[in-house]
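K.L.:
Below are the sequence and a predicted model; questions follow.
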Amino acid sequence: MDSQWDSELSLAYQEVNLGWHHGERLRNAVKTFHEKYAKEPKGLAAARTVHKEIMDKINDYLRMKNVCVNVEYTGSAYEGTQVTRSPSGDDLEFDNQFILNGGNQMTATRINDAPGYVHAEIKQSSLCYSRNTNSSSNGYGRPAYDKDTSDLKFGVFENNYANSEKTAEKFFGEVQKCINNDFELRNKVKLRKHGPAVQMDVYHHKGGPRYFSVDLVPTYKIGKDYYVSKPLPQDVGFEGAIRDPSLAWRQSCSLQEKSKLDAADYGNQWRKRILRVLKIIISREPNLHSLTSYHLKTALFRTMDKYSDWSELAIGERLINVLQELEKCLANGKMPHYYIDDVNLLSSFGNLALRDMRQRIKRLINSEIEMMRVLEA
């Protein structure tokens, strides 16, 4: 009985003690923190203009060469959630998905023990011929042609399956040719491989400081879904007839996420601003560095589904609510992908890391002193 009474008193105390979640001090602190540290980078609009000009050139060249269908603009710079963590503001980043030719002639088969990954296979009805990569003197498979139209499917195919690693390498080569053939691009742009993506560094002028970077990701649109060239990590084993990790493609929901955020803040709402505030907070917390912007965005999406008021008057509460969503996921060791339920975004973390991150977030939720120390620093 005493234990039950103590528990009820403790809960009542917590409810009273956490009244600061709804208070003016927290609301004003979040607003001031955003204005000082979490606004979109000042040079982002001008950089977007230059970025689009360069992407238009590359897209026109790649379409002419039957490499891609079109280019999509994704990531935080086009979602309205990018922040700069560099005092000089020189860490601007952009993301593009280049939709490769041939996705409409392929099928995606889920890899059962690798959630979020598929094999991309040429449809038998579209197949004219395909050769193993060993049959080609340049190391790439011979192109597969549509039986009726003979349209080139861009990619590297092994037994009719698209190889994500080799397709990315081939894509890199095509982009490099585009740059080599354009005087302006040759003097402003440098390519380098960034995992399975192509990273492009753009400079104000040759020999000058870097202006911004771009990740160019080869992508197939198969049906209504998008799959990017991000092979299964080598240390992740999976069973089945096809065991080569480089034949796996990862489902991407970047365009759905961009669409959800595009509509998020009509009427001067604060959803995207709260996400930017959280990005800066997490970047300053040593125990939380392992959390990515994607974890924060996923927690925001789930919180958006629960609450409709994201006005300035509610910003303190909503910030706490997103942190509570994060804390709940860390406690369970599971954060389901917002669009792909069987993908756990916390699967790579050990119990110790989960515990440490959860404890720090709980302290921010429960201690006004700690939260204000972070926001009013």
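P.N.:
Received, thanks.

K.L.:
I figured Glu312 hits Asn268, correct?
P.N.:
Yes. With contact defined as CB atoms under 8 Å, Glu312 counts as touching Asn268 (7.4 Å). For every residue, glycine as well, the C-beta is placed using N, CA and C.

K.L.:
Mind checking which of these two has more residues around it?
P.N.:
Neighbour totals were compared for Glu312 and Asn268, and Glu312 leads with 13 against 9 (other CB atoms under 10 Å).

K.L.:
how near is the more buried one to Arg273?
P.N.:
In this view, Glu312 and Arg273 are 9 Å apart by CB to CB, to the nearest Å.

K.L.:
May I have the strand or helix carrying Glu184 exported as PDB, CA atoms only?
P.N.:
Taking DSSP states H and E as the criterion, Glu184 maps to helix 183-188. Output in PDB follows, covering the C-alpha atoms of helix 183-188 (Å, rounded to 0.1, in the frame of the first residue of the first chain):
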ATOM      1  CA  PHE A 183      34.700  24.100 -69.900                       C
ATOM      2  CA  GLU A 184      32.700  25.800 -67.100                       C
ATOM      3  CA  LEU A 185      32.100  22.500 -65.200                       C
ATOM      4  CA  ARG A 186      35.700  21.500 -65.600                       C
ATOM      5  CA  ASN A 187      36.800  24.600 -63.800                       C
ATOM      6  CA  LYS A 188      34.200  24.500 -61.000                       C
END
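
K.L.:
where does the closest residue to Leu296 other than its chain neighbours fall, phi/psi-wise?
P.N.:
The shortest distance from Leu296 to any non-neighbouring residue, by CB to CB, 6 or more residues apart in numbering, is to Leu278 (5.0 Å). Dihedral angles of Leu278 (phi, psi; degrees, to the nearest 10) stand at phi -60, psi -40.

K.L.:
Count the neighbours of Leu278 for me.
P.N.:
Look at Leu278: counted by other CB under 10 Å, it has 25 neighbours.

K.L.:
check contacts around it.
P.N.:
Leu296, Leu300, Leu319, Val322, Leu323 (CB atoms under 8 Å, 6 or more residues apart in numbering).

K.L.:
buried stuff in the one helix or strand Ala168 maps to?
P.N.:
According to DSSP H and E, Ala168 maps onto helix 164-180. Using 16 or more other CB atoms under 10 Å as the test for burial, helix 164-180 gives 164-172, 174-175, 178-179.

K.L.:
any weak-confidence spans in the stretch 151-300 of the chain?
P.N.:
For the stretch 151-300 of the chain, residues meeting the criterion pLDDT under 70 lie at 151-152, 233-243.
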